[in-house]
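> this one's sequence-less:
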């Protein structure tokens with residue numbers, strides 16, 4: 001059974017995450033290169049908690065991280081979505097994206113993030129969206145800039161300098 005998409009683009013389907021996505025997510029979560037800007041790779045238990053957090057966000061925020069699949073094949077690519085995040089003492093809605101390393105450089109993160117921005121502004125009626133990015137994550141900074149975001153702020157998280165990129169629906 002094909003899951004109902006939350007968002008569809010030319011190449012992607014973004015659909016709700018399910019517990020059965022665990023093995024796909026572990027491809028990313030156990031890859032130290034893909035996870036280098038996170039605190040660490042994730043264990044199965046931490047990945048299960050990640051899924052639980054995402055399902056909780058669906059219930060409480062009407063949004064969360066969605067599984068990104070290739071539209072034509074249904075192949076797992078990664079995740080992208082809108083989640084509540086602490087940006088140095090302020091709660092804001094963040095567009096976050098994390099894709100399997102085998103999919104890097106194909107424009108999927110940008111395509112998914114732009115679609116999330118449009119969904120956040122047009123369907124969820126958010127007035128502002130942010131992306132929280134480690135200062136060394138140049139690829140993620142480029143995605144945020146292609147979405148139309150600009151650097152707004154910086155803060156420290158676990159000893160790392162984090163940039164807050166933002167865009168407003170004006």
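Yes, it's here. Here the structure is a predicted model, which is why all the values come from computation and not from measurement.
> please, where are all the helices along the protein?
Listed in chain order, the helices of the chain (DSSP state H) span 22-29, 44-61, 108-122, 138-147.
> need these in TSV with mean pLDDT, distance to residue 92 and mean neighbour count, can you?
In this view, the C-beta of every residue, glycine as well, is placed from N, C-alpha and C. Shown next, in TSV, are the helices of the chain (pLDDT from 0 to 100; distance: least, Cβ to Cβ, whole Å; neighbours: other Cβ atoms under 10 Å):
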stretch	mean pLDDT	distance to residue 92	mean neighbour count
helix 22-29	97	24	17
helix 44-61	96	12	14
helix 108-122	97	11	21
helix 138-147	97	14	18
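> and the ones you listed: which comes nearest residue 160?
For residue 160, the closest of those is helix 138-147, at 13.0 Å, according to Cβ to Cβ.
> what angle sits between the closest one and helix 108-122?
Orientation check (axes from the mean of the first three to the mean of the last three Cα atoms, to 10 degrees): helix 138-147 against helix 108-122 gives 40 degrees.
> tell me which other helices or strands helix 138-147 touches.
strand 91-99, helix 108-122, strand 128-134, strand 160-168 (3 or more Cβ pairs under 8 Å, 6 or more residues apart in numbering; DSSP states H and E).
> that one: how far from the chain's middle?
12 Å (Cα atoms, centre = their mean, to the nearest Å).
> ok and it relative to strand 160-168, angle-wise?
Using the same axes, to 10 degrees: helix 138-147 against strand 160-168 is 10 degrees.
> find the least confident helix or strand in the protein, judged by mean pLDDT.
strand 5-8 (a mean of 90; mean pLDDT, DSSP states H and E).
> against which helices or strands is that strand packed?
Using 3+ Cβ pairs under 8 Å, 6+ apart, strand 5-8 is in contact with strand 12-16, helix 108-122.
> list the buried residues in the longest strand anywhere in the chain.
When the chain is parsed with DSSP state E, its longest strand is strand 76-86. Using 16 or more other Cβ atoms under 10 Å as the test for burial, strand 76-86 gives 76, 77, 78, 79, 80, 81, 82, 83, 85.
> got the contact list for the fourth one?
Residues in contact with residue 79, defined by Cβ atoms under 8 Å, 6 or more residues apart in numbering, are 17, 25, 28, 65, 66, 67, 68, 96, 97, 98, 99.
> how far away is the residue lying closest to the third one once chain neighbours are set aside from residue 10?
Sequence neighbours aside, residue 34 is the residue nearest to residue 28 in space, at 5.0 Å (criterion: Cβ to Cβ, 6 or more residues apart in numbering). With distances taken as Cβ to Cβ, to the nearest Å, residue 34 is found 24 Å from residue 10.
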